[in-house]
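Participant: when you get a sec, could you give me coordinates for this:
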Amino acid sequence: MHQGLIFVVDSNDPERMKEAATELHQMLEEDELRGVALLVLANKQDLPRAMSVSDVTEALVLSGLSNTFSVQGCCAVSGTGLVEGLDWLSTQVQKL
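Facilitator: Presented below is the predicted three-dimensional model:
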């Protein structure tokens, strides 16, 4: 079975990134999610104090993952970045 996981974070709320990182890593330890392609949508990129994609990647401690992952900046209100992220995930899931 080909699987992917979409994890959405509020990139305008750096105080909650540690909590988000803990939740994400706990989820990825589940047997059903081992090896899945991971798409992180860094939402609210339209706001002036939003964390950059690289800052979100670092805050979520993604560099050590064995999973294939991508962090896509997005704005759910306007839809910016959503298609690009979903296209990436679709391509990765087809490869698995």
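Participant: pLDDT below threshold where in the chain?
Facilitator: Low-confidence regions of the chain, defined by pLDDT under 70, span residues 1-2, 96.
Participant: all strands for it, in order.
Facilitator: 4-10, 37-43, 69-73 (DSSP state E).
Participant: point out the most buried one among these.
Facilitator: Between the strands of the chain, strand 37-43 has the highest mean count of neighbours, a mean of 24, where neighbours are mean count of other Cβ atoms under 10 Å. Every C-beta, even on glycine, is put in place using the N, C-alpha and C of the backbone.
Participant: and it, what does it pack onto?
Facilitator: Contact analysis of strand 37-43 by 3 or more Cβ pairs under 8 Å, 6 or more residues apart in numbering; DSSP states H and E lists strand 4-10, helix 53-59, strand 69-73, helix 82-95 as its packing neighbours.
Participant: that one versus helix 82-95: what angle between them?
Facilitator: Our comparison of strand 37-43 with helix 82-95, counting by axes from the mean of the first three to the mean of the last three Cα atoms, to 10 degrees, yields an angle of 170 degrees.
Participant: which of the residues in stretch 72-88 are buried?
Facilitator: Neighbour-count burial for stretch 72-88 flags 72-75, 81, 85-86, 88 (criterion: 16 or more other Cβ atoms under 10 Å).
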